[in-house]
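K.L.:
coordinates only, sequence not included:
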């Protein structure tokens, strides 16, 4: 095929392109990208059309990624994506619109390269991308449009493209890409979306059938922009609707976001007999009124020593707790934390409800209990359960419990932490290092603690090593600074990434020179971008300090210096 693609006869080149098209041979896609710059216009046109066809086929076979830790493309997708990226870099030599459309369809696998080119002021690719989506209503473009929200040159055109879509297929695609809200840049940019598939007020009922898609689309509605009143009206409409899934999801969004215009909806739900959600709506209304009446607006601190005095019948309290218990796993960490604190403030006997959910034979329920306990800050009241979980066979549960052990000062907690330092799982070890550094034993015997942490600096796991270095820096031990510098200069990209995490976590602005070196010349693109982001963050903080006249010194910076 390679020989035929470079043959002097057009018929030979056409046969080679048609063979790639008929066989759908992704490994040969790079030959199509090379043919785009051929002197023969017909050859370039054929190659561009087949490259777009390959992109359409592999995009149809792939599904939206389910998490923010997206895996690398593989198989046919990898080869076609690589060919499209090569074609984009040479776009100014051929100006084929088919390549732009192929890049839009494969945005989920080439977004880093695509948006880097679009951000380059010297490249005309951003204008071509904006022209390609102008007026389009193809639901396959939804994924690209949502991702393009984080790229300034593409944002306005992407928002207009979403506003033109209203089909059920576009609503389903919008729901499938709601997980992208995990990206803070996309979540912030979503506030500029006023109209879109399933989002605007004229959409009425959700047309997606899957319960998961309904919940995801409600998350997109809550993240979208426009006037808060209009958003509250849209969520209120769903909360008062007949669809139970959309009703539950919209209800929790109204509770979490504290919309002023949602009180009428909450009152309407509260008046619906003695259902579970009517009781929760009543609790939320009481909480809001109490918050307005509080002179300082501060949240009441939890006092575990106080005896529990129920103010409502036990069965009503149980039925009010149950929806929160079922819903909390569907929320991301910040939303779950905010909702848990609201429910804990408004529900008598909240801790007792959590203890009733603690099932030694169900690790999922134990993990959920510990998450909620950490969210509401009631850790001291669950010492027995945390000790039990720290000895569990389940790694996730054990790791979570070990992270919380540093909050206790008793001998058993210290013993469990020391045992976890030798755990076979690196996650447990890393959390044990963090807890050990926080524990009262480390503060009372700093020399012994420093000796123990020096041993952990040589661990195989980057995360364990990073936590140990961070703990040594906080204790002002010289070995921590030396180890950090070694990790920053390590040939391993994993070591450098972990070292950057320490630099950012401890706000070590004195490392700016090394940060700039990594940001300019690191061979690993992920390390390079992370260093750039941290350097920009430190520059902004320096500007803020100069404006406010604050001192630039800090304990951790002095340790590294």
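P.N.:
Received it, and whenever you're ready, just let me know what you need. Owing to the predicted nature of the structure, the values given are computational and were not obtained by experimental measurement.

K.L.:
tell me, how many neighbours does residue 84 end up with?
P.N.:
Look at residue 84: counted by other C-beta atoms under 10 Å, it has 29 neighbours. Placement of C-beta: from N, CA and C, glycine included.

K.L.:
which residues does it contact?
P.N.:
By C-beta atoms under 8 Å, 6 or more residues apart in numbering, residue 84 lies in contact with 29, 33, 51, 55, 99, 102, 103, 106, 110.

K.L.:
The last one against residue 103, yeah?
P.N.:
This means residue 110. Yes: look at residue 110 against residue 103 with C-beta atoms under 8 Å: they come within range, at 6.5 Å.

K.L.:
Find residues that contact each of the two.
P.N.:
Between them, residue 110 and residue 103 share these contacting residues under C-beta under 8 Å, 6+ apart: 84, 85.

K.L.:
Give me the more crowded residue out of these two.
P.N.:
Taking other C-beta under 10 Å, residue 110 and residue 103 do not tie; residue 103 has more neighbours (28 against 23).

K.L.:
Run through the helices of the stretch 251-400 of the chain in chain order.
P.N.:
Along the stretch 251-400 of the chain, counting by DSSP state H, counting those that start in this stretch, helices occupy 263-270, 276-293, 314-327, 333-346, 350-357, 363-376, 383-389, 395-405.

K.L.:
would you turn those into TSV with distance to residue 185 and mean neighbour count?
P.N.:
Shown next, in TSV, are the helices of the stretch 251-400 of the chain (distance: least, C-beta to C-beta, whole Å; neighbours: other C-beta atoms under 10 Å):
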stretch	distance to residue 185	mean neighbour count
helix 263-270	31	18
helix 276-293	31	17
helix 314-327	27	16
helix 333-346	16	18
helix 350-357	35	17
helix 363-376	25	20
helix 383-389	35	18
helix 395-405	28	23
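
K.L.:
where among those is the average confidence lowest?
P.N.:
Among these, helix 314-327 has the lowest mean pLDDT, at a mean of 64.

K.L.:
tell me the phi and psi of the residue nearest to residue 150 when sequence neighbours are not counted?
P.N.:
Leaving aside its chain neighbours, residue 150 sits nearest to residue 185 (4.0 Å; criterion: C-beta to C-beta, 6 or more residues apart in numbering). When quoted as degrees, to the nearest 10, the phi and psi of residue 185 stand at phi -70, psi -40.

K.L.:
just residue 242 next, same as before
P.N.:
For residue 242, the backbone dihedrals (degrees, to the nearest 10) come out as phi -100, psi -10.

K.L.:
low-confidence ranges in the chain?
P.N.:
Low-confidence segments of the chain (pLDDT under 70): 61-75, 121-122, 200-205, 226-230, 258-261, 273-274, 290-320, 329-330, 441-443, 548-561.

K.L.:
make it 50
P.N.:
Scanning the chain with the threshold set as pLDDT under 50 gives 64-74, 297-317, 550-556, 558-561.

K.L.:
State the distance from the residue nearest the centre of it to residue 216.
P.N.:
Central residue of the chain (C-alpha atoms, centre = their mean): residue 182, 2.9 Å from the mean position. Distance of residue 182 to residue 216, computed by C-beta to C-beta, to the nearest Å: 12 Å.

K.L.:
What about residue 454, how many residues nearby?
P.N.:
Per other C-beta under 10 Å, the neighbour tally for residue 454 reads 15.

K.L.:
what helix or strand is it on?
P.N.:
Element membership for residue 454 (DSSP states H and E) is helix 446-456.

K.L.:
What is that helix packed up against?
P.N.:
When contacts are defined as 3 or more C-beta pairs under 8 Å, 6 or more residues apart in numbering; DSSP states H and E, helix 446-456 packs onto helix 426-438, helix 440-444, helix 462-474.

K.L.:
Now mean neighbour count too, for these, in JSON lines please.
P.N.:
JSON lines is the format used below for the helices and strands packed on helix 446-456 (neighbours: other C-beta atoms under 10 Å):
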{"stretch": "helix 426-438", "mean neighbour count": "23"}
{"stretch": "helix 440-444", "mean neighbour count": "15"}
{"stretch": "helix 462-474", "mean neighbour count": "24"}
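
K.L.:
would TSV of those helices with distance to residue 60 be doable?
P.N.:
As requested, the helices and strands packed on helix 446-456 are exported to TSV (distance: least, C-beta to C-beta, whole Å):
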stretch	distance to residue 60
helix 426-438	37
helix 440-444	56
helix 462-474	38
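
K.L.:
thinking again about what came up before, show me whatever sits in contact with both of residue 182 and residue 216.
P.N.:
With C-beta under 8 Å, 6+ apart, residue 182 and residue 216 have no common neighbours.

K.L.:
Tell me who's in contact with residue 111.
P.N.:
By C-beta under 8 Å, 6+ apart, the contact list for residue 111 reads residue 147.

K.L.:
Quick check: the gap between it and residue 34.
P.N.:
Distance from residue 111 to residue 34, by C-beta to C-beta: 24 Å.

K.L.:
And for residue 412?
P.N.:
For residue 412 relative to residue 34 (C-beta to C-beta), the value is 67 Å.

K.L.:
Residue 276 too?
P.N.:
63 Å.

K.L.:
One more: residue 265?
P.N.:
60 Å.

K.L.:
residues in contact with the longest helix seen in the chain?
P.N.:
Looking across the chain with DSSP state H, the single longest helix is helix 525-548. Helix 525-548 is contacted from outside by 112, 493, 496-497, 500, 503-504, 507, 509, 512, 515-516, 518-522, 550-552, using C-beta under 8 Å, 6+ apart.

K.L.:
Tell me which of the residues you listed fall in helices.
P.N.:
In helices, defined here by DSSP H, the members of the contacts of helix 525-548 are 112, 493, 496-497, 500, 503-504, 512, 515-516, 518-521.

K.L.:
List only buried entries from those.
P.N.:
Neighbour counting with 16 or more other C-beta atoms under 10 Å marks 496, 497, 500, 503, 504, 512, 515, 518, 519 as buried within those.

K.L.:
so the third one makes contact with residue 518?
P.N.:
Pointing back at residue 500 there. Yes: proximity of residue 500 to residue 518 meets the contact threshold set by C-beta under 8 Å, at 7.4 Å.

K.L.:
what is in contact with those two at once?
P.N.:
Once C-beta under 8 Å, 6+ apart is applied, the residues that residue 500 and residue 518 both contact turn out to be 488, 527, 531.

K.L.:
Next, the contact list for the nearest residue in space to residue 421 that is not next to it in sequence, please.
P.N.:
Once flanking residues are discounted, residue 421 sits nearest to residue 432: 4.8 Å by C-beta to C-beta, 6+ apart. By C-beta under 8 Å, 6+ apart, the contact set of residue 432 is 402, 417, 420, 421, 423.

K.L.:
Give me the more crowded residue out of residue 412 and residue 34.
P.N.:
residue 34 (16 against 12).

K.L.:
Would you confirm that that one contacts residue 13?
P.N.:
No: look at residue 34 against residue 13 with C-beta under 8 Å: they stay out of range, at 11.3 Å.

K.L.:
Quickly list what's touching both of those two.
P.N.:
Listed as contacting both residue 34 and residue 13 by C-beta under 8 Å, 6+ apart are residue 5.

K.L.:
tally of neighbours for residue 168?
P.N.:
14.

K.L.:
ditto for residue 526
P.N.:
Residues near residue 526, counting by other C-beta under 10 Å, number 13.

K.L.:
what about it, distance to residue 247?
P.N.:
In terms of C-beta to C-beta, residue 526 sits 42 Å off from residue 247.
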